[in-house]
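Student: one predicted model, sequence on top.
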Amino acid sequence: MFDYKKLFFVMQILFPLSCVAMDRAIDIECLRGFFAYARASKFKDADEYLRRATSEEIQRGCDTTGKQPYTYDTALHVAIRLKNPAWIDLLITHQFLLNKANNVGEIPLDIALALNDKFLAERLIIAGSRPTRITLTKALEFSESMWLEFILKYVDHFNQDLTDLVSTGRQWLLLESARLASVQGIKYALEKYGTDLINAQEKTYKSTALHYAAQAGCTQGVTLLLTYGANSLIKDSYSETPLAVVQRVVMYAPPRDPAGTSNAEYYRSILEQLAQATQQDASHNISIPLTGSNSSDVSLESINAFSSFFSRKFGIVCMVGAVTVCGLYYFWHMKEEEPGGNEEKDEIVCEIPIDELDSQ
């Protein structure tokens, strides 16, 4: 006979478990519904879906359902783009969302900078958002120094990549601004850290700010650097001056101008400025500083003295080495010839005809 009591007991156990599993599945779908309603501008329904999602469900689904398709924006990205303060208040408490990047590397802080919302940007940094190199790039894109000053105020909150850049020396902002063709950044770095760093070289490729600005096609930046006294004769690790770098870009690089202008036309003004500056620096016999941020000018006399000293040392070493090699070869050759000397004499004696011996 079938025991209905046991079946009822098993159902009592399985039914709550199935309900919990169903609720969990519904919670995982919360962010999908949020994105769908947000795209459809149904903000009330999206707000309801967002409130139902717990912190654990958002964190677990952040890499899958927690990101909008194609752009990989998180819910916080969407909330900031739509300028919805209620959603931002709900999502800013989730620490893991503050530094999640989309498919182009933008964190929510970068979206706030793009929208020129300083209050929200400061709120995100205080909450735990860490500025990245993309954040610095966006700050340098503005024609005013307001955002750059704002980002530098929170230098202790930089992420590891940006912290490593700052630790390279006082010249980091000047070199980075020149590389990104930011005239405002170049001017701000020279005014803040001093013009004595204008010829400082980057550690890896030994490029100066003039190298980077010229290669980036930043005409105003090149003009500004030359005005402040940048040396156009300094060479990078490839033994190229800024003028040589631009000439190589003009000849071999693809067109830089989106409008389709040739590189020769695009870099015409920079080539003229660098050619004139190179000629002037060469005529004034400007000494070239050593690599590094704390380098000082080196006179031609000290360079010649070092060269002559090195050449004398090298000549002595070569002479001693040559004498040693010749001596070893001589003794080795003599040792090889000693056993064979008597054999040659015996062969010569044996070759004398017998008739000649009899006649003698």
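Tutor: Looks like it arrived, so ask away.
Student: and the nearest residue to R179 once chain neighbours are set aside, how many neighbours?
Tutor: The shortest distance from R179 to any residue other than its chain neighbours is 4.3 Å, reached at Y212 (CB to CB, 6 or more residues apart in numbering). Just so you know, the C-beta spots here come from the backbone N, C-alpha and C atoms, and that holds for glycine as well. Y212: 26 surrounding residues under other CB atoms under 10 Å.
Student: ok, L165 next?
Tutor: If you count neighbours by other CB under 10 Å, L165 ends up with 16.
Student: quick check: the residue nearest to R179 touching L174?
Tutor: No. In this structure, Y212 is not within contact of L174 by CB atoms under 8 Å, at 9.2 Å.
Student: got the phi and psi for T74?
Tutor: Main-chain torsions, T74, degrees, to the nearest 10: phi -80, psi 180.
Student: hey, what's it bridged with?
Tutor: Going by DSSP bridges, T74 is paired in beta bridges with K67.
Student: state the distance from it to H94.
Tutor: From T74 across to H94, the span is 9 Å (CB to CB, to the nearest Å).
Student: same check, this time on N102
Tutor: 16 Å.
Student: go on, W87?
Tutor: Separation of W87 from H94 (CB to CB): 12 Å.
Student: for E141, same thing?
Tutor: E141 is 28 Å from H94, where distance means CB to CB.
Student: what is the neighbour count of P254?
Tutor: For P254, the count of nearby residues is 6 (other CB under 10 Å).
Student: tally of neighbours for F158?
Tutor: 21.
Student: ok, it touching R130?
Tutor: Yes. Taking CB under 8 Å as the definition, F158 is a contact partner of R130 at 6.4 Å.
Student: circling back: when T74 and H94 are compared, which one has more neighbours?
Tutor: The residue with more neighbours, out of T74 and H94 and counting by other CB under 10 Å, is T74; that gives 27 against 20.
Student: just checking, that one touches L97?
Tutor: Yes. The criterion here is CB under 8 Å, and T74 meets it with L97 at 5.4 Å.
Student: returning to what we had before: could you point out which element follows whichever strand or helix holds the residue nearest to R179?
Tutor: Using DSSP states H and E, Y212 sits in helix 209-215. Sequence-wise, the next helix or strand downstream of helix 209-215 (DSSP H and E) is helix 219-227.
Student: what comes into contact with that next one?
Tutor: The contact list for helix 219-227, computed with CB atoms under 8 Å, 6 or more residues apart in numbering, reads 177-178, 181-183, 186-187, 190, 198, 209-210, 213-214, 232, 242, 269-270, 273-274, 277.
Student: any idea how far D281 is from L243?
Tutor: 10 Å.
Student: make that K153, sorry
Tutor: For K153 relative to L243 (CB to CB), the value is 38 Å.
Student: more neighbours: which of those two?
Tutor: Taking neighbours as other CB under 10 Å, K153 and L243 compare with L243 leading, 22 against 11.
Student: which strands and helices lie in contact with the one helix or strand that one maps to?
Tutor: Applying DSSP H and E as the criterion places L243 in helix 242-252. With contacts taken as 3 or more CB pairs under 8 Å, 6 or more residues apart in numbering; DSSP states H and E, helix 242-252 sits against helix 209-215, helix 263-266, helix 268-283.
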